[in-house]
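[1] 3D, please:
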Amino acid sequence: MNKTEALDLLVEQALRDDLIFSASVATSLRVQEAIDVADCSLDTAAKIIMNEPLLAAKVVAVANSAAYNRGSNSVTNVRSAIARLGFNTLRALVASLVMRQIAGASKHPVIRAKINQLWEHSAQVAAIAQVLARRVTKLNPDTAMFAGIVHEVGGFYLLSRAEEFPCLLEPDDLSGASDDQNFDELETVSTDSQEAIIGRAVLKNLHLPSEVNDALEALWYGLRAMPPETLGDTLLLSNELARTLSPLDTRTDSETNRCESEIDFVVGEGTLLSILEESEDEVITLSAALII
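    Model (predicted):
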């Protein structure tokens, strides 16, 4: 089976809602449901999160990152961390756990390396989106971070199936196309379209807010406005600014190695690049905390 055949099979399964998840994903989705109820108290949420050690560590780490710890007062327990972050950020962090669990813990070194790279990329996009939403587009920064965390949901699922279908790790090959076939026609059946179909199928199980789903649609198919205005614009720009590329990125070097000055613009009395420079510590510490 080649890569095209494997993707076609996975798309067919996705369209039937026949996805394969580990038991740990189901457990984390139950955590998500438990904290989503309207009357979930801070104490109840803390007890739920403390039952998931990795999630508990991440919650405390993010609460102590420069993006949320403006007064340099570190918190040392889950309850205080949730109180500082709020439930919207907590939901995003639960989603981050789900993303890692969807990919699984492969023993194959190549797959494991790609999973780690994809998560590092996602964490950077989430951290940049949080800063851009707060300082540039004036959108809800927690929602922007949430969108950044889940924006590669289709990619994580593909990597989870890579041991079963090793051909998924192969680069795209258009050399077999006939000379008279228009390149635009190839793009209509591109990996992006397949990723979108698979991504939507996974998202159905996550019950994300509609604005996050809309932002992901913009990422898959949209054109970024400059300066950015919507959550989709914010996500697209964050994806472009992330220093670690997705291992599944199919763009050429010339498309990814754009000069930063090409995407700079004025924001109030500053510029995008000056804002990113001022916020560098926030981006670094928040993305590092998310990687835990």
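
[2] C-terminal to the least confident helix or strand in the chain by mean pLDDT, which secondary structure element comes first?
    Every helix and strand of the chain was ranked by mean pLDDT, DSSP states H and E. The lowest is helix 183-187, at a mean of 37. Following helix 183-187 in sequence order, the next helix or strand is helix 191-206 (DSSP states H and E).

[3] gap between that following helix and the chain center?
    13 Å (CA atoms, centre = their mean, to the nearest Å).

[4] mind exporting it as CSV, just the C-alpha atoms?
    This file holds the C-alpha atoms of helix 191-206, laid out as CSV (Å, rounded to 0.1, in the frame of the first residue of the first chain):
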residue,chain,number,x,y,z
THR,A,191,-3.1,16.2,1.6
ASP,A,192,-4.6,19.4,3.1
SER,A,193,-8.1,18.3,2.0
GLN,A,194,-7.5,14.8,3.5
GLU,A,195,-6.1,16.3,6.7
ALA,A,196,-9.2,18.5,7.0
ILE,A,197,-11.6,15.5,6.6
ILE,A,198,-9.7,13.5,9.2
GLY,A,199,-9.3,16.5,11.4
ARG,A,200,-13.1,17.2,11.4
ALA,A,201,-13.8,13.6,12.3
VAL,A,202,-11.5,13.8,15.3
LEU,A,203,-12.9,17.2,16.3
LYS,A,204,-16.4,15.7,16.5
ASN,A,205,-15.2,13.7,19.5
LEU,A,206,-13.7,16.8,21.3
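
[5] Tell me the helix or strand right after it.
    Going down the chain from helix 191-206, the next helix or strand is helix 210-221, by DSSP H and E.

[6] what about that following helix, average pLDDT?
    Here helix 210-221 scores 90 as its mean pLDDT.

[7] now stretch 277-292
    The model assigns stretch 277-292 a mean pLDDT of 92.

[8] where do the strands sit along this structure?
    Ranges of strands in the chain, per DSSP state E, are 266-267, 270-271.

[9] From M226, how far off is T143?
    The spacing between T143 and M226, counted by CB to CB, to the nearest Å, is 21 Å. Just so you know, the C-beta spots here come from the backbone N, C-alpha and C atoms, and that holds for glycine as well.

[10] higher neighbour count, those two?
    T143 (22 against 14; other CB atoms under 10 Å).

[11] Grab the nearest non-local neighbour of A113.
    P247 (7.8 Å; CB to CB, 6 or more residues apart in numbering).

[12] How about L7?
    Q194 (4.9 Å).

[13] do A218 as well
    With CB to CB, 6+ apart, the residue lying closest to A218 is G232, at 2.5 Å.

[14] what about S72, neighbour count?
    7.

[15] if I look at it, how far off is L245?
    33 Å.

[16] re the thing from before, list the contacts of the residue nearest to L7.
    7-8, 10-11 (CB atoms under 8 Å, 6 or more residues apart in numbering).

[17] quick one: which of these is nearest L55?
    Nearest to L55, judged by CB to CB, of the contacts of Q194 is L10 at 28.1 Å.

[18] isn't that closest one right up against R161?
    Yes - contact criterion CB atoms under 8 Å: L10 and R161 qualify, at 6.4 Å.

[19] Same drill for those two, tell me which one is more crowded.
    Comparing L10 with R161 by other CB under 10 Å, the one with more neighbours is L10, at 24 against 20.
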